[in-house]
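Asks: generate a structure from the sequence data that follows.
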Amino acid sequence: MVSSSDDHDDPGGDEVHTPISRNKGKRKKTEGFSSSRSEKKRTSKVWEHFTRMKEDNDRAVCNYCGKNMACATKSGTTSLKKHYTLACKAYQAWLSVNKDNNQGALDVEDGNVRVCKVYESVFREATNEMMVVGELALSWVESVVWKNFCNKTKLYVPHSRRTATRDIVETFVKKKETMKKIIKENNQRLSLTTDIWNAPHTGASYMVITAHFIDSSWHLRKLIIGFKNVYDHKGSTISKVLPDCLEEWDIKRVYGITVDNATANTSALRRFTEVFIEKNGADALVLDGKFLHFRCATHIFNLIVKEGLLEIESSVNAICNAIYFVRSSTQRQVSFERHVESGRVQRGSLPLDVKTRWNATYLMLEQALKFKLAFEKMEAEDKTYNDYFNEIVDGKNDLDHQVKRIGKLLIG
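Replies: Residues are numbered from 1 along each chain as shown. Okay, here's the model as predicted:
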């Protein structure tokens with residue numbers, strides 16, 4: 001029998017132990033009842049809200065406010081229960097968030113409690129917006145990555161791709177109706193820009209129509225009102241798609257339309273002017289549409305620059321061929337990097353000229369000039385580089401004979 005008295009133990013008694021043996025007896029007693037006590041902890045709901053301290057088993061910390069409280073095994077858990085049910089404001093805040101089965105987040109910092117309510121509808125809407133803004137595939141919402149993220153952060157179970165598709169379409173329809181009301185209430189003239197874009201992989205053509213206007217706060221706004229699939233670039237197609245799109249948005253007053261300097265656009269806008277005035281009256285266009293057609297100044301500048309580059313076409317092609325040689329294989333890139341290091345030239349990428357990007361030629365020439373010394377080293381030391389420009393390629397235009405590849409003009 002182990003004595004619990006604080007008096008000195010009698011060494012002569014058989015059932016009374018010394019202080020050392022008393023401590024050992026307590027440890028044995030704890031070990032003997034450890035399984036029953038742990039089982040009792042698991043059944044008590046109090047321990048869902050408190051955590052025992054590892055360094056002191058007789059004290060526990062509130063999971064909500066962090067208060068350190070005594071929890072001696074002989075005293076029970078009444079004081080702990082009174083704390084989180086009556087006194088703990090952090091628990092009350094958490095309870096108010098989660099009692100309606102809404103996802104909640106609790107942040108306790110410097111004694112201040114901040115509760116964030118995250119309803120399932122908000123979570124669903126935010127997920128859809130993330131897919132639209134991030135240009136993610138609809139199947140992403142069902143991916144293992146997103147499900148794992150939601151599980152780790154204790155969020156809701158993600159919805160399916162069918163639900164996401166339906167939600168996104170409904171959101172588009174609602175926002176479209178809102179914008180139509182704004183345009184109709186302002187009753188102002190809109191300026192339009194349009195161009196036809198070809199998808200690089202499918203080859204399909206799409207006509208994009210953008211409206212530009214000034215809102216009631218005098219801020220310049222732009223809005224894509226049409227992304228239409230077209231089968232050709234003819235003026236008749238453009239003149240048909242454009243008024244149909246404006247009718248869809250209930251736009252009846254237009255100031256001007258900016259397009260690139262193509263013949264098809266000129267004929268298309270001529271037909272559009274006749275159809276639009278006939279349908280919406282003389283007030284639909286300014287001065288009967290005499291100044292409706294604006295030619296894109298940037299496109300005109302691009303045509304001028306392209307015409308000027310024809311004067312140095314051979315030099316541009318030589319630089320392009322040299323860069324293509326370096327980028328054609330890993331071994332050639334490694335060889336080129338060795339010449340860059342020996343020539344003490346700063347490393348950087350070597351972009352190629354892309355016809356569809358207007359500034360690609362400029363970026364290619366700008367970077368190539370930084371590696372001029374490296375290309376000189378390659379001509380002097382690399383036999384493969386020199387043989388590359390001695391290869392025979394097909395001639396151009398009306399030339400029936402074959403010519404050597406243009407190159408090594410960068411040194412001049």
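
Asks: gap between residue 221 and residue 297?
Replies: Remark: distance between residue 221 and residue 297 (C-beta to C-beta, to the nearest Å) = 21 Å. Backbone N, C-alpha and C define where each C-beta goes, glycine included.

Asks: kindly report the same for residue 186.
Replies: Computed as C-beta to C-beta, the residue 186 to residue 297 distance reads 27 Å.

Asks: the two: who's more crowded?
Replies: residue 186 (13 against 10; other C-beta atoms under 10 Å).

Asks: now the more buried one: closest residue in space that isn't a chain neighbour?
Replies: residue 216 (6.8 Å; C-beta to C-beta, 6 or more residues apart in numbering).

Asks: what about residue 203, which SS state?
Replies: The assignment at residue 203 comes out as coil when based on DSSP: H, G, I helix; E, B strand; the rest coil.

Asks: next one: residue 61
Replies: Under three-state DSSP, the three-state class of residue 61 is strand.

Asks: and if you look at the one 5 residues further on?
Replies: Put simply, residue 66 is coil when judged by three-state DSSP.

Asks: show me what the helix or strand hosting residue 270 is packed up against.
Replies: Using DSSP states H and E, residue 270 maps to helix 263-280. In terms of contacts (3 or more C-beta pairs under 8 Å, 6 or more residues apart in numbering; DSSP states H and E), helix 263-280 is packed against helix 235-248, strand 254-259, strand 293-295.

Asks: could you check the angle helix 263-280 makes with the second one?
Replies: Okay, so that is strand 254-259. 160 degrees (axes from the mean of the first three to the mean of the last three C-alpha atoms, to 10 degrees).

Asks: for strand 254-259, what is the average pLDDT?
Replies: Across strand 254-259, pLDDT averages out at 90.

Asks: the helices in the stretch 101-250 of the chain, which residues?
Replies: 120-133, 144-152, 161-186, 235-248 (DSSP state H, counting those that start in this stretch).

Asks: need these in JSON lines with distance to residue 201 and mean pLDDT, can you?
Replies: Below are these laid out as JSON lines (distance: least, C-beta to C-beta, whole Å; pLDDT from 0 to 100):
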{"stretch": "helix 120-133", "distance to residue 201": "21", "mean pLDDT": "90"}
{"stretch": "helix 144-152", "distance to residue 201": "25", "mean pLDDT": "90"}
{"stretch": "helix 161-186", "distance to residue 201": "22", "mean pLDDT": "88"}
{"stretch": "helix 235-248", "distance to residue 201": "22", "mean pLDDT": "89"}
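
Asks: most tightly packed of those?
Replies: helix 235-248 (a mean of 18; mean count of other C-beta atoms under 10 Å).

Asks: ok, residues contacting that helix?
Replies: Residues from elsewhere that reach helix 235-248, judged by C-beta atoms under 8 Å, 6 or more residues apart in numbering: 192, 194, 196, 207, 209, 225-226, 228, 230-231, 252, 254, 257, 263-269, 271-272, 275-276, 279.

Asks: ok, stretch 250-265 next?
Replies: 180, 183-184, 187-195, 211, 225, 233-235, 238, 242, 246, 268-269, 272, 276, 280, 283-286, 291-296, 299-300, 303.

Asks: filter these down to the buried ones.
Replies: When these are checked for burial by 16 or more other C-beta atoms under 10 Å, the buried set is 183, 189-195, 211, 225, 235, 238, 242, 246, 268-269, 272, 276, 280, 284-285, 292-293, 296, 299.

Asks: show me where the stretch 301-412 of the chain has strands.
Replies: 392-393, 403-404 (DSSP state E, counting those that start in this stretch).

Asks: worst mean pLDDT among the ones you listed?
Replies: Looking over those, mean pLDDT reaches its minimum on strand 403-404, with a mean of 48.

Asks: name the nearest residue to residue 332, sequence neighbours excluded.
Replies: Nearest residue to residue 332, sequence neighbours excluded (C-beta to C-beta, 6+ apart): residue 326, at 5.5 Å.

Asks: please give me every residue in contact with residue 141.
Replies: Contacts of residue 141 by C-beta under 8 Å, 6+ apart are 127, 131, 158, 159, 160, 161, 164.

Asks: now these in TSV, with distance to residue 352?
Replies: Listed next are those as TSV, based on distance: C-beta to C-beta, whole Å:
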residue	distance to residue 352
127	39
131	33
158	41
159	43
160	42
161	37
164	38
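
Asks: how far away is the spatially most central residue of the chain from residue 140?
Replies: With distances taken as C-alpha atoms, centre = their mean, the residue of the chain nearest its centroid is residue 134 (3.6 Å). From residue 134 across to residue 140, the span is 9 Å (C-beta to C-beta).

Asks: over to residue 54?
Replies: To residue 140, residue 54 is 42 Å away according to C-beta to C-beta.

Asks: swap in residue 340?
Replies: Taken as C-beta to C-beta, the span from residue 340 to residue 140 is 40 Å.

Asks: settle it for me: which of those two has more neighbours?
Replies: Per other C-beta under 10 Å, whichever of residue 340 and residue 140 has more neighbours is residue 340, with 20 against 16.

Asks: so where's the stretch 301-412 of the chain shaky on pLDDT?
Replies: 341-348, 356, 392-412 (pLDDT under 70).

Asks: repeat the analysis, applying 50 as the threshold.
Replies: Along the stretch 301-412 of the chain, the parts satisfying pLDDT under 50 run over 396-403, 409-412.

Asks: what segments of it are helices?
Replies: 313-327, 330-342, 360-370, 372-381, 383-388.

Asks: format the ones you listed as a markdown table; extra columns: distance to residue 203.
Replies: Formatted as a markdown table, the helices of the stretch 301-412 of the chain follow (distance: least, C-beta to C-beta, whole Å):
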| stretch | distance to residue 203 |
| --- | --- |
| helix 313-327 | 25 |
| helix 330-342 | 31 |
| helix 360-370 | 21 |
| helix 372-381 | 36 |
| helix 383-388 | 32 |
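
Asks: which one of those helices lies closest to residue 94?
Replies: Nearest of the helices of the stretch 301-412 of the chain to residue 94, taken as C-beta to C-beta: helix 360-370 at 55.6 Å.
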